[in-house]
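# This is the structure alone, sequence omitted:
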């Protein structure tokens, strides 16, 4: 589904991605982790072309992201993305947030989009909040709406960019529950996250990044039980201590 | 100098009303046109197409560096020269104010557009919206809400500035007051009246802006 081959990227003189190779197969959940500044958020933003990259190729469902001839909006409409800071549109109600791209991008009728929106709100347990504005919801609720908004486009895969990092601890669970449920339905997911419990529960592989490089790309059990590199060992020791 | 005689206000009212109607019309047209053209100018200034951004920037800098009275006079004299026929003081005033205010609204809209966080733009793109769609549905609505107090304050300034059309003899409220004042030989009383009307309108608008600001503010 997602193929990342030899991707490198620079900000001026600073190299932020260095020859990254990995893939996410259909129906697979892959967790990307690593210390802050390791390039994981940059890498996932390259997958739907929000960040350009200088070298290498990324293909999603056979479509080359970096190819200037690619219709990026059309590709992005099929690839859902969930952000660290939710990024719901604050001037629109929850239902309008869910309907906008369905109507404007997919050309669905307003009624069809509304029905799909309500069904998805139901799925993330927020049906009664449809008329509210994002600012009236808690962080956890906003993130669940953001997941519903991505799902409304019937995506072929979902990208998560630290979806729980901006949440208060008591709200992390409700968002992870939705993500676990999604994974169990066979959704293809690439998740930048430090939630190692989530990784153990649903991920097939863990990609560990440091200084713009993919240091390890291993099956979950192997990554946690016998990390190959010193860098992954010390990272795990730091984040699993508590 | 004799005593003040405010009895002149009574017969002046029909003239003041007509003048005020023109002043309001000029304000509304210049505001609407100025915001529309100003927004387009802002988009041009922020455009990745360098020549477009430079032309829009030059226009804004030019308009903001010349006193309004000179622009009013200049348009009044130049437009007939270009079109070959005089357009009249009122039409000339409307064109001038729209063109002049567009430069100011442009800068307000530009900072409004830039005030929308990058993450919002990314979210719009991630959903498959194109540049124009993201601008229309996500960025501009937030930019206008963020800038609404400044946009309306600029409009209040515009309302006051319309009095400068006296320079080309357009019949706005101040001109009406001036004419009546001369006819009745009561110029001071008429100036007091127009000042009171300007004050009453601008002050109530300022209060209204404050109320509106509370109601449209985005809940965060």
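Great, that's in hand. This is a predicted model, so every value here is computed, not measured.
# Nearest to chain B: which residue in chain A?
For chain A and chain B, the shortest gap (CB to the nearest CB) falls at residue A:77, measuring 2.7 Å. Backbone N, C-alpha and C define where each C-beta goes, glycine included.
# State the pLDDT value of that residue.
Per-residue pLDDT puts residue A:77 at 95.
# Check residue A:192 too.
96.
# swap in the one 4 residues further on?
Residue A:196 is assigned a pLDDT of 91 by the prediction.
# Hmm, it is touching residue A:235, no?
No. Assessed by CB atoms under 8 Å, residue A:196 is found out of contact with residue A:235, at 10.4 Å.
# Spit out the residues that contact the two alike.
Residues touching both residue A:196 and residue A:235 (CB atoms under 8 Å, 6 or more residues apart in numbering or on different chains): residue A:33.
# So for these two, which sits in the more crowded spot?
Between residue A:196 and residue A:235, counting by other CB atoms under 10 Å in any protein chain shown, residue A:235 is the more crowded of the two (22 against 18).
# can you pull the contacts of that one?
A:33, A:34, A:35, A:208, A:210.
# go on, residue A:137?
A:94, A:126, A:129, A:145.
# Mind doing that once more with 10 Å?
Each residue near residue A:137 by CB atoms under 10 Å, 6 or more residues apart in numbering or on different chains is listed here: A:86, A:88, A:94, A:126, A:129, A:143, A:144, A:145, B:219.
# ditto for residue A:123
Counted by CB under 10 Å, 6+ apart, residue A:123 has contacts A:144, A:147, A:148, A:151, A:178, A:181, A:182, A:185.
# which of those residues are buried?
A:144, A:147, A:148, A:151, A:178, A:182 (16 or more other CB atoms under 10 Å in any protein chain shown).
# how far is the strand or helix carrying residue B:195 from where the chain is centred?
According to DSSP states H and E, residue B:195 maps onto helix B:187-216. When C-alpha coordinates are averaged (CA atoms, centre = their mean, to the nearest Å), helix B:187-216 and its chain have centres 15 Å apart.
# Equivalent analysis for stretch B:156-165, please.
8 Å.
# list the buried ones in that stretch?
B:156, B:158, B:159, B:161, B:162, B:163, B:164, B:165.
# does the closest residue to residue A:206 other than its chain neighbours count as helix, strand or coil?
Nearest non-adjacent residue to residue A:206, counting by CB to CB, 6 or more residues apart in numbering or on different chains: residue A:223, 4.1 Å away. Assigned by DSSP: H, G, I helix; E, B strand; the rest coil, the conformation of residue A:223 is helix.
# rewinding a little: pipe the buried ones among the contacts of residue A:123 into TSV and attach secondary structure per row.
Converted to TSV, those look like this (three-state DSSP):
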residue	secondary structure
A:144	helix
A:147	helix
A:148	helix
A:151	helix
A:178	helix
A:182	helix
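# Residue in chain B with the shortest distance to chain A?
Across chain B, no residue is closer to chain A than residue B:128, which sits at 2.7 Å (CB to the nearest CB).
# Give me the nearest residue to that residue, chain neighbours excluded.
Residue B:128 sits nearest to residue A:77 (CB to CB, 6+ apart), 2.7 Å away.
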